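>>> can't give you the sequence, but here's the structure:
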C-alpha cells in the first residue's frame, strides 16, 4: 500500500505565521500614525536606542513612519519575522517533493 503524505494546512505553516506577525505589526503601526495615538515611550535621547534612531541610516533610509521608535520596531520586526518568513516560504516552494511510490 502506498504511503499517503499528510498535508499541512496553509495557516499552520511556519512562514505564514511569521509574515502574518510582520503584516499585523505594520497595520498596527499605520493605525498609530494615522490616528495620532502613540504609545507613551520614555525619552530615548542619550540611550543606545536613541543613538540608533538618530544615526544617518535611520534618518535617510529607514523612514517608514514619522515616529523614530516605529521605524526602529519596523526594522526589528523585518529582521526577526519577515526575513525568516520569506526564507521559509522560498524553501517550501522550491523544496523537492519526496513521494514514495514503493509498496510494502
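Okay, I see it. Quick caveat, the model's predicted, so the values are computed rather than measured.
>>> quick one: low-confidence ranges for the protein?
The model of the chain has pLDDT under 70 over residues 1-11, 98-104.
>>> just the strands in it please.
Counting by DSSP state E, the chain has no strands at all.
>>> which helix is the longest one in it?
helix 14-35 (DSSP state H).
>>> got a list of contacts for it?
The contact list for helix 14-35, computed with C-beta atoms under 8 Å, 6 or more residues apart in numbering, reads 10, 37-39, 64-67, 70, 73-74, 77-78, 81-82, 84-86, 88-89, 92. Glycine gets a C-beta too; all of them are placed from N, C-alpha and C.
>>> in helices only, show me the residues you listed.
Mapping the contacts of helix 14-35 onto helices (DSSP H) picks out 70, 73, 74, 77, 84, 85, 86, 88, 89, 92.
>>> if I look at the fourth one, how far off is residue 43?
With the distance defined as C-beta to C-beta, to the nearest Å, residue 77 ends up 23 Å from residue 43.
>>> looking at those two now, which is surrounded by more residues?
For residue 77 versus residue 43, neighbours defined as other C-beta atoms under 10 Å are more numerous around residue 77 (19 against 7).
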